[in-house]
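**Q** could you look at this predicted model? Sequence included:
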Amino acid sequence: MFFRPLLMRTQHATATPFPRIPSSQVRTACGTAKTSSPSSSTRRKMSAPKNNNKTIPNSPILVHPSIASLHAWRRPLVEAHRTIGLVPTMGALHAGHISLIRAAARENHHVVVSIYVNPAQFAQTEDLDTYPTTWDADCEALRRVDRELADDGGNLGRVSAVFAPRTAEMYPSGFPGQEVHSKGSFVTITPVGEVLEGASRPTFFRGVATVCMKLFNIVQPTRVYLGQKDVQQTVVLRRMVQDFMMPLETVVVPTERDAKDGLALSSRNVYLGVRRRKVAVVLWNALCAAESAYNGGKTLSREEILRPANQLLQQTFSEQKALGPEDRSLFEVDYVSLADPDTMQEVDVIDPAKGAVLSGAIKMLPVEKAAPGEDLGHGDGPAVRLLDNIILRPVERDV
Ligand SMILES: Nc1ncnc2c1ncn2[C@@H]1O[C@H](COP(=O)(O)OP(=O)(O)OP(=O)(O)O)[C@@H](O)[C@H]1O
Ligand SMILES: CC(C)(CO)[C@@H](O)C(=O)[O-]
Ligand code: BAL
């Protein structure tokens, strides 16, 4: 049976960010995945809009390419004590983003969606140049969800505006540094931003925190909506909001998944192609195996919780390796982590009062030998890093 997982909200980060639930009510993330059908939208490349104060065609949604136009729009709303929910994105919208928008519309008078592919969070070797940009399809997705929200009386607000700036607007002092030792005005949140994703992508959280500081300052939202899929990002940004006394609430929305196999929706999934897409779900299955060990109620030890996940990853890798290069799909495991929910530092034993974050990252390697006419995915199927996680909630149990 499916049920709607809880949104997690924090105004001030606390020692226990995830609510404690009695063990009798523990349900597995795997069994309760928020699911969606695979997106069939064709992704078209197009540049961001140039003109001021346009709307998305056939909708009242304003497109603000500049800070000035966003501020001019926002001023009377603030004077009228209207609340604003911000959904920051890098575009290439999918059902995961739409679920953040729905959550924001439920509890705010106005929803602002930002669409900006932030160069500062990409290393020079990463996929900034090929990151999927799908402006027309994004506008259509926003128009559709806004229509749906208008017809549904259960919402406080609708999609009021899109903030789609250019880099010159966001980085007025020049193109942001992408190297570890780059000079510039950056926000760094350490040590939480140095581990896991931060270890693999050393400038990533500096870029995310910097652009989010800018977005939060520009929009000055009442609430910001973030996806649990990028769990470490939620922890880093909650810490930033707390430590810089930013007057807003962060809300974390559960991960939206493919209805058939549970793969977390992600803009980068378009790079996978059919063959690698089938194997990519191994990360989610591995995390589910670890979650079962935790929910079995017998162990809080790292070793025993992570063993089934590592075994499944190893076994799937061996099965793929045994196939020929024209059939297989190889991957590298970046990490499988069991971490403290506040600091993202690894734990040996789960504190039952706090729970833990079970997370992983794998790199799907490019197909070695393509069959004639094989769909290799967007950009001819480069290596794709995929993330996923499950929150192991605090439970009352006798151990
Ligand atoms: N499947 C999902 N369910 C819920 N939220 C999601 C999902 N995927 C992304 N989000 C959230 O949407 C916001 C914008 O993310 P972003 O535009 O980077 O998309 P993405 O799918 O995470 O892209 P990428 O493939 O680059 O990681 C983030 O807060 C992210 O956590
Ligand atoms: C939060 C964010 C929009 C900042 O660029 C990005 O990291 C993302 O889309 O998750
Ligand atoms: N959603 C995370 C954005 C990134 O990987 O750059």
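**A** That came through, no problem. Ligands and ions are numbered 1, 2, ... in the order given.
**Q** use CA for all of it now, contacts and neighbours both
**A** Noted.
**Q** residues contacting Phe186?
**A** 206-207, 209-210 (C-alpha atoms under 8 Å, 6 or more residues apart in numbering).
**Q** try 10 Å
**A** Shown in contact with Phe186 (C-alpha atoms under 10 Å, 6 or more residues apart in numbering): 120, 176-177, 206-211, 213.
**Q** now for those residues, which pair is the farthest apart?
**A** Gly177 and Met213 (16.2 Å; C-alpha to C-alpha).
**Q** need the nearest residue in space to the residue in the stretch 1-150 of the chain that ligand 2 sits nearest to, chain neighbours excluded.
**A** Going by C-alpha to the nearest ligand atom, ligand 2 is nearest to Thr89 of the stretch 1-150 of the chain, at 3.8 Å. With sequence-adjacent residues excluded and distances taken as C-alpha to C-alpha, 6 or more residues apart in numbering, Thr89 is closest to Ile115, at 5.1 Å.
**Q** which phi and psi does that neighbour have?
**A** Main-chain torsions, Ile115, degrees, to the nearest 10: phi -120, psi 110.
**Q** report how many residues lie close to it.
**A** 23 (other C-alpha atoms under 10 Å).
**Q** quick check: pLDDT value at it.
**A** Note for Ile115: predicted pLDDT of 98.
**Q** was I right to think it contacts Thr167?
**A** No. When contacts are counted by C-alpha atoms under 10 Å, Ile115 is not listed as touching Thr167 (11.6 Å).
**Q** secondary structure element for Asn310?
**A** Using DSSP states H and E, Asn310 maps to helix 302-321.
**Q** gap between the helix or strand following that helix and the chain center?
**A** Later in the chain than helix 302-321, the nearest helix or strand by DSSP H and E is strand 331-339. Centroid displacement of strand 331-339 relative to its chain, using C-alpha atoms, centre = their mean, to the nearest Å, is 17 Å.
**Q** only C-alpha atoms, please: export the following helix or strand past strand 331-339 in PDB.
**A** Next helix or strand after strand 331-339 toward the C-terminus (DSSP H and E): strand 356-364. The C-alpha trace of strand 356-364 is given here as PDB (Å, rounded to 0.1, in the frame of the first residue of the first chain):
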ATOM      1  CA  ALA A 356      20.800   8.000   9.700                       C
ATOM      2  CA  VAL A 357      21.100   8.800   6.100                       C
ATOM      3  CA  LEU A 358      21.800   5.800   3.800                       C
ATOM      4  CA  SER A 359      23.100   7.100   0.500                       C
ATOM      5  CA  GLY A 360      25.100   6.100  -2.500                       C
ATOM      6  CA  ALA A 361      26.500   7.300  -5.800                       C
ATOM      7  CA  ILE A 362      27.500   5.200  -8.800                       C
ATOM      8  CA  LYS A 363      29.000   6.100 -12.100                       C
ATOM      9  CA  MET A 364      27.400   4.400 -15.100                       C
END
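**Q** for ligand 1, what are the nearby residues on the stretch 251-399 of the chain?
**A** When proximity is defined by C-alpha under 6 Å from any ligand atom, the stretch 251-399 of the chain lies next to ligand 1 at 254-257, 264-268.
**Q** which one of those residues sits in the busiest neighbourhood?
**A** Of those, with other C-alpha under 10 Å as the count, Thr255 tops at 29 neighbours.
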